[in-house]
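# have a look; sequence and predicted model below, questions after that.
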Amino acid sequence: MNKFKSVDMEEVNLFLLGDDLERVANILFDLKLMEFFKFKKEDFQTFSATDNSKISSELLSLRSTISYLTKFYTQDSTKTIENPIEKTLEAIKEEKELSQKILSLEDDLRRQKVLASLKVNSQDVLDKKKIVGFIPKEDKSNLKLLKKNSKHNIVTYTLDKRVYFSVSAKSTIPFSYKEFYLPKKVSLSLPLKIKELKERKETLLSKVNSIANASLSHLKKEELRLSKKAALLENRVKFNKTDNFTVVSGYVPSTKISGLRNSLEKELGDSFELKRAKAKGDNVPTQLHNPGSSGNYESLLKMYSFPKYGEFDPTFLMFLIFPIFYGMIMGDVIYGILSLALFSFLKTKYKQVKEFISILQISSISSIIFGILYGEYLGFEASFFGFEFSRLADPISLLYISLALGVLHLNLGLFIGFFQDWGESKYHAIMDKLVWILLQISVASISIGMIMSISILATLGWVLFAIVALMLVKEHGFLGITEIPSFFTNVLSYARLMAVGLSSVVIGLLVNKYSFILLEGGIISSIFGIMLFIVGHTFNIVVGNFASFINSLRLHYVEFFPKFYSGSGREFKPYGSSSHPVDE
């Protein structure tokens, strides 16, 4: 399959007997390979919209029940539970009430404990003879000030992250504090009541576990059945019908049509007809196919715009080029290793964004490779292999390399755009894409001719430049000439590969320099030196990764993509792909 092209789509029309519609809809729901569209034909009638609010309400209740029971499920049971949904909803309500009661009583118990520790009678607080309040634990210095200035006895008690205090109501408190609220009721039997409520809750949850083991599998099957029914009711308006048959139309990946036909034949025999045609038009959905690590970069492409059907898919190019730009900027072995370790850890914690973190992992490996090429290790330069290239020693050469990469990157985009447009309009391929390649040839000819005193080459360059100018005026008017400087601005934008990376090198160098100066001092100075070394390099790693990502992405979004990529497509969403969230 072509790495630079989306999956081929075909328009499929299924002609069915009216009674077979629900069976076919269930097959399509399970296969998840057809996105419906409305097939317009004068002789056909359309299905009227159907109210499915009742089924939606049932599904909402069913999915809520399944979601709750899943937390308590351990294994299937042969036991039969009648009305599991109603019993589960009752259990949810009862558990909530018990939890609130337990929480309220535990809060009262904690407040009783505070009063007892402060040796305060609640009546004294009610009669305003005593003031009871609390402040954050870190504000203990305020209490010392109160003790020092107060003529009255002050009692304190620390619990969790708070310091509670009691003092005579005649005292003046010179700081802000939170008022302590008395427990709703003081009772020695609170621990016993809390214990009883917790036992009731445990019994209830054991009952819920029995319901889950006995009913969860059945409820999931019922949820799937209702999901299929709701999806069919929602999509019926896209189908057509006559007195004798129903027509279901949709987009299907070309490679999946034979499988669709086989599935229908198993269910319906020969009582259906499948007609297929090449998908065309602006409304055809796009299904990308980028297996392996390259597929992770689809998320970056979607952030820009989804490709139109049949448009060049740049995902694989991003997979190849993005890490190179990232590594050129970051380019430190230790920074790369630490970043890779961090991203690998985050990937285990945040699985919902694992594709994005995988991009950062690959970029970190690229940073390690470029760090070896640069000979950079945590801001230090070292030559272990003999081929290292120092960015600090020769930034001009790195600038030339960056600009050369820019020229290659931009021209790759122009060539892609040229060949993509050639099939649709040779005129626009030449006037919109080839013209910029000719511009570069003309400028290069003029520059080389003038530098090397080859007058004929310079003259040919000026002639070609004039032709380019005329082409731009013809296609875009005189404003087209103003676009010439912007192209070379695009090239200069790639200087960031040198400049941003070099700034990170300088920061690392300064952190090392001043850290070692402090380490040469006394103990206190050495502590600050160690802190500066850790904080400084941590800051540089964070900013370095952020800058590397943003600038690498910018070179694709702002410089590269506009040369050939328009986007504004929509993703292929087959029937059934988003209608069954419980099993996802």
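That came through, no problem. Numbers count the residues shown, from 1 in each chain.

# strands of this structure, residue ranges please.
Ranges of strands in the chain, per DSSP state E, are 9-17, 35-36, 45-46, 130-136, 155-159, 162-168, 178-179, 240-241, 245-253, 272-278, 376-377, 380-381.

# select, out of the ones you listed, the one closest to Leu105.
Closest to Leu105 of the strands of the chain is strand 155-159 (C-beta to C-beta; 17.1 Å). In short, each C-beta sits where N, CA and C put it, glycine included.

# packing partners of the closest one?
helix 84-118, strand 162-168 (3 or more C-beta pairs under 8 Å, 6 or more residues apart in numbering; DSSP states H and E).

# hmm, back to that, which of the strands of the chain comes out lowest on mean pLDDT?
Among the strands of the chain, strand 45-46 carries the lowest mean pLDDT, at a mean of 79.

# picking up where we left off before, right, so the strands of the chain: which one is the most enclosed?
strand 376-377 (a mean of 24; mean count of other C-beta atoms under 10 Å).

# thinking Ile441 is in contact with Ile467, fair?
No - with contacts counted by C-beta atoms under 8 Å, Ile441 stays clear of Ile467, the gap being 10.7 Å.

# before we move on, the earlier item: could the strands of the chain go into CSV alongside distance to Lys426?
Below are the strands of the chain laid out as CSV (distance: least, C-beta to C-beta, whole Å):
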stretch, distance to Lys426
strand 9-17, 26
strand 35-36, 33
strand 45-46, 42
strand 130-136, 74
strand 155-159, 81
strand 162-168, 78
strand 178-179, 77
strand 240-241, 40
strand 245-253, 29
strand 272-278, 22
strand 376-377, 49
strand 380-381, 53
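
# out of those, which comes closest to Lys113?
It is, among the strands of the chain and with distance given as C-beta to C-beta, strand 155-159, at 7.5 Å.

# pull up the pairing partners for the closest one, direction included.
strand 162-168 (antiparallel) (DSSP bridges).

# got the CA positions of the strand it pairs with in CSV?
Extracted in CSV, the C-alpha atoms of strand 162-168 (Å, rounded to 0.1, in the frame of the first residue of the first chain):
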residue,chain,number,x,y,z
ARG,A,162,-3.9,22.5,60.1
VAL,A,163,-3.1,24.0,63.5
TYR,A,164,-6.2,24.5,65.7
PHE,A,165,-6.2,26.9,68.6
SER,A,166,-8.5,28.1,71.4
VAL,A,167,-8.1,31.3,73.3
SER,A,168,-10.3,33.6,75.4
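
# Lys207: which of the helices and strands packed on strand 155-159 is closest?
Nearest to Lys207, of the helices and strands packed on strand 155-159 and by C-beta to C-beta, is helix 84-118 at 6.7 Å.

# and the closest one, what's buried?
Under the neighbour-count criterion of 16 or more other C-beta atoms under 10 Å, helix 84-118 has 84-85, 87-88, 91-92, 95, 98, 102, 105, 108-109, 111-112, 114-115, 118 buried.

# swap in stretch 477-486?
So for stretch 477-486, counting by 16+ other C-beta under 10 Å, buried means 480, 484.

# so for it, mean pLDDT?
For stretch 477-486, the mean per-residue pLDDT is 84.

# worst mean pLDDT across the helices and strands of this structure, which element?
Of all helical and strand segments in the chain, the minimum by mean pLDDT, DSSP states H and E falls on helix 140-149, at a mean of 69.

# averaged pLDDT, the longest helix along the chain. What do you get?
When the chain is parsed with DSSP state H, its longest helix is helix 190-235. Helix 190-235 shows a mean pLDDT of 91.

# quick one: distance of it to the chain centre.
With C-alpha atoms, centre = their mean, to the nearest Å as the basis, helix 190-235 stands 31 Å off its chain's centre.

# that helix vs helix 84-118, what angle?
Compare the direction of helix 190-235 with that of helix 84-118 by axes from the mean of the first three to the mean of the last three C-alpha atoms, to 10 degrees and you get 150 degrees.

# packing partners for helix 190-235?
Secondary elements touching helix 190-235 (3+ C-beta pairs under 8 Å, 6+ apart): helix 21-31, helix 53-70, helix 84-118.
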